[in-house]
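# need a 3D model of the following:
(one chain, ligands or ions: 1)
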Amino acid sequence: MAKSLQVGLIGSEFMGRAHSNAWMNVGSFFDLPRSVVMHTVADLPGNAGHLKKFAPQWGWRNTSVNWREMVADPEIDLVDVVTPNHVHRDNAIAALEAGKHVACEKPLAGTLDDAREMLAAAKKAKKCRTFVWYNYRRCPAVALAHQLVKAGRLGRIFHIRASYLQDWGGPETPLLWRFQGKKAGSGAHGDLNAHIIDMARFITGDEITEVTGAIEQTFIKEREIIESSGGEISGKGAKRSATKRMGRSTVDDCVLFLARFRRGAVASFEATRLATGNQNRNQIEINGEKGSIKFDFERMNELSWWDNTLESRLRGWSRIMCTNPGDHPYADAYWPPAHIIGYEHCFVSQASDIIKVLAGRKPVVPLPDFADAYETQRVLHAAIVSAREKRPVKMSGVK
Ligand SMILES: NC(=O)c1ccc[n+]([C@@H]2O[C@H](COP(=O)([O-])OP(=O)(O)OC[C@H]3O[C@@H](n4cnc5c(N)ncnc54)[C@H](O)[C@@H]3O)[C@@H](O)[C@H]2O)c1
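Sure thing, here's the model as predicted:
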């Protein structure tokens, strides 16, 4: 077996746990060309105490409160970036300049300018590979949808209807980095629309040519300033100050927009953190001439499929349980049919594909690199221009 892959992680909260779990377990589920060594986890100096507990619990050999030092360590081969969006650029560029492969969380960056610099650094670092954790591509149902479209089973595609609805962003949720424009870049838009734009591009294999009709709305204008976050997405467990002080939320709570694809399909996208009752409802529906598919992450093991080539008396939505080893993407690695998998398995599967690509093998389904994620970032940017300038935006004008 080739030399083991030594991984360094920057960040150690929500995605820190998801990625640690992936690196820790990927070698158990998948037959890998290279083994993984979880070399070092890095975080801010203020998190030194947290790191001391986190590292042994999640399998890391060493800790660091200086990520630049960690990135420069000659023993490390791949730097995994799970920091807030405004930190991605510095983390990724430093790692690429040090000759490391980079696996960065989504969105590629908070802003298109940052993303462009990251892409330039990736192009310059010829020996380094880049990856972006658009993890929903690795839900077996989403990967199957991609395979069905590629095999022509949907025929010509007419409609794409995508929405990513969450409900944790009400007025009680404090002023986390996710509500600070300088750190997040945007709110529900970069957080959630990023995923469904990527999924729509990935499943259809097509690109957006125009964005129009965008609406950007901030409902909750002020949120409580906190001393430190509790590490949870909604700020549960955050350290509140004795005197309640409020600060301005500088991101959207929801963004909706329409789009046209190169091959003629039209699409709608909606992302919100205020869709009460929808906790993590990442949905996409694609309607083609020969068939349609529907996916809802809250039923992540299932893909709904309508085969329009059947005689009409037999047509109807079928619910495919995407867990059959040998038939469904990634199913061989896990359990017997209908012994379902969860959120964390998409990250385990992505870690496996990253290791395969680094060993010169093909991933089960395509992995997004910085160039690919930059296309999603351009669409995010175009939607904001469309919302603020109240006009259609041609993608050819967004560089
Ligand atoms: N793929 C997904 O499904 C998914 C889900 C959630 C978040 N994300 C993305 O993952 C990234 C991290 O999100 P999260 O939810 O884990 O955030 P989080 O707030 O839970 O964790 C961020 C971590 O980064 C550390 N950090 C902050 N600033 C730093 C700096 N300057 N240097 C070093 N470390 C720093 C924090 O201390 C913390 O450990 C974001 O880009 C987010 O968009 C992706």
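# what ranges of the stretch 101-250 of the chain fall below the confidence cut-off?
Across the stretch 101-250 of the chain, nothing is flagged by pLDDT under 70.
# so what's the residue of it found nearest the ligand up against?
Closest to the ligand within the stretch 101-250 of the chain is E105: 3.4 Å, counting by C-beta to the nearest ligand atom. In this view, the C-beta of every residue, glycine as well, is placed from N, C-alpha and C. Each residue near E105 by C-beta atoms under 8 Å, 6 or more residues apart in numbering is listed here: 11, 15, 81-83, 88, 132-133.
# how about T204?
149, 157, 160, 261, 263, 265, 286.
# distance of N278 from Y343?
Computed as C-beta to C-beta, to the nearest Å, the N278 to Y343 distance reads 16 Å.
# those two: which has the busier surroundings?
Neighbour comparison, N278 and Y343: the larger count goes to N278, with 17 against 14 (by other C-beta atoms under 10 Å).
# nearest spatial neighbour of the more buried one, skipping sequence neighbours?
L165 (3.6 Å; C-beta to C-beta, 6 or more residues apart in numbering).
# what parts of the chain come near the ligand?
Residues of the chain lying close to the ligand by C-beta under 6 Å from any ligand atom are 10-16, 43-44, 47, 67, 82-85, 87, 105-106, 133, 135, 191, 229, 231.
# in helices, which of those residues appear?
Among the residues of the chain next to the ligand, the ones falling in helices (DSSP state H) are 14-16, 67, 85, 87.
# reformat those residues as CSV; add pLDDT and neighbour count.
Listed next are these as CSV, based on pLDDT from 0 to 100; neighbours: other C-beta atoms under 10 Å:
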residue, pLDDT, neighbour count
F14, 96, 14
M15, 98, 19
G16, 98, 24
W67, 98, 25
N85, 98, 26
V87, 98, 20
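# what about the closest residue to W60 other than its chain neighbours, distance to K394?
Excluding its sequence neighbours, the residue lying closest to W60 (C-beta to C-beta, 6+ apart) is V41, at 4.2 Å. Distance, V41 to K394, by C-beta to C-beta: 43 Å.
# and the two? Which one has more around it.
Set V41 next to K394 and count neighbours by other C-beta under 10 Å: V41 wins out with 29 against 12.
# circling back to that earlier point, would you turn the contacts of T204 into CSV with distance to P140 and neighbour count?
Converted to CSV, the contacts of T204 look like this (distance: C-beta to C-beta, whole Å; neighbours: other C-beta atoms under 10 Å):
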residue, distance to P140, neighbour count
V149, 15, 21
I157, 21, 23
I160, 20, 25
F261, 24, 18
R263, 25, 12
A265, 24, 20
I286, 17, 25
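# can you give me the end-to-end span of stretch 41-56?
10 Å (C-alpha to C-alpha, to the nearest Å).
# three-state assignment of L96?
Recorded secondary structure, L96: helix (DSSP: H, G, I helix; E, B strand; the rest coil).
# which secondary structure elements does whichever helix or strand F158 is part of contact?
Per DSSP states H and E, F158 falls inside strand 157-165. Using 3 or more C-beta pairs under 8 Å, 6 or more residues apart in numbering; DSSP states H and E, the elements in contact with strand 157-165 are helix 194-204, strand 266-272, strand 281-288.
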